[in-house]
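Peer 1: Fold the following, please.
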Amino acid sequence: MSKTIIKSHYAPAPIGPYSQAVVANGTLYVSGQIAIDPASGKLITEDIAAETHQVMKNLQYILNAADMDFDNVVKCTIFIRNMNDFQVINGIYGQYFEKNHPARETVEVSRLPKDVNVEISCIATR
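Peer 2: Next comes the predicted model:
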């Protein structure tokens with residue numbers, strides 16, 4: 001098996017013992033991203049729309065580091081703290097996937113790292 005660690009200097013550094021992403025046998029597995037602004041290191045949680053955009057930007061930075069983009073994504077998982085935020089999150093998420101939407105599930109959870117409101121991971125392939 002071939003395994004390559006992907007690291008984007010534009011995305012926030014991992015907050016634990018994991019990689020931003022790993023390519024294994026041509027498939028990219030991107031760890032769940034939260035709304036940490038990589039420039040300042042601060043969390044963006046005051047507004048669910050701004051928070052979701054930052055999460056999507058962080059995913060984009062990591063995809064780009066692997067020479068991929070959202071067109072390469074085949075699967076996403078969205079974890080949210082409040083299902084009442086689903087409509088806003090879904091609308092912003094959809095702005096990043098204009099065609100060939102990936103498979104996805106959305107799960108409401110009681111708590112997320114750093115008490116954020118949304119976390120998204122994805123799987124991509126060439």
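Peer 1: longest helix of the protein?
Peer 2: The longest helix of the chain (DSSP state H) is helix 48-65.
Peer 1: Distance from the chain centre to that one, please.
Peer 2: Here the centre of helix 48-65 is set off from its chain's centre by 6 Å, with C-alpha atoms, centre = their mean, to the nearest Å.
Peer 1: which other helices and strands contact that helix?
Peer 2: strand 27-33, helix 86-96, strand 118-125 (3 or more C-beta pairs under 8 Å, 6 or more residues apart in numbering; DSSP states H and E). Any C-beta I mention is one placed from the backbone N, CA and C, and that applies to glycine too.
Peer 1: Okay, buried residues for the longest one please.
Peer 2: For helix 86-96, burial by neighbour count (16 or more other C-beta atoms under 10 Å) applies to 86, 88-89, 92-93, 96.
Peer 1: Wait, Asn25 touches Met1, no?
Peer 2: Yes: contact criterion C-beta atoms under 8 Å: Asn25 and Met1 qualify, at 6.0 Å.
Peer 1: The two: which is more packed in?
Peer 2: Asn25 (8 against 4; other C-beta atoms under 10 Å).
Peer 1: Contact partners for the more buried one?
Peer 2: Asn25 is in contact with 1-2, counting by C-beta atoms under 8 Å, 6 or more residues apart in numbering.
Peer 1: Repeat that for Asp67.
Peer 2: Here Asp67 is in contact with no residue (C-beta under 8 Å, 6+ apart).
Peer 1: helix or strand for it, which one?
Peer 2: In the assignment (DSSP states H and E), Asp67 maps to no helix and no strand.
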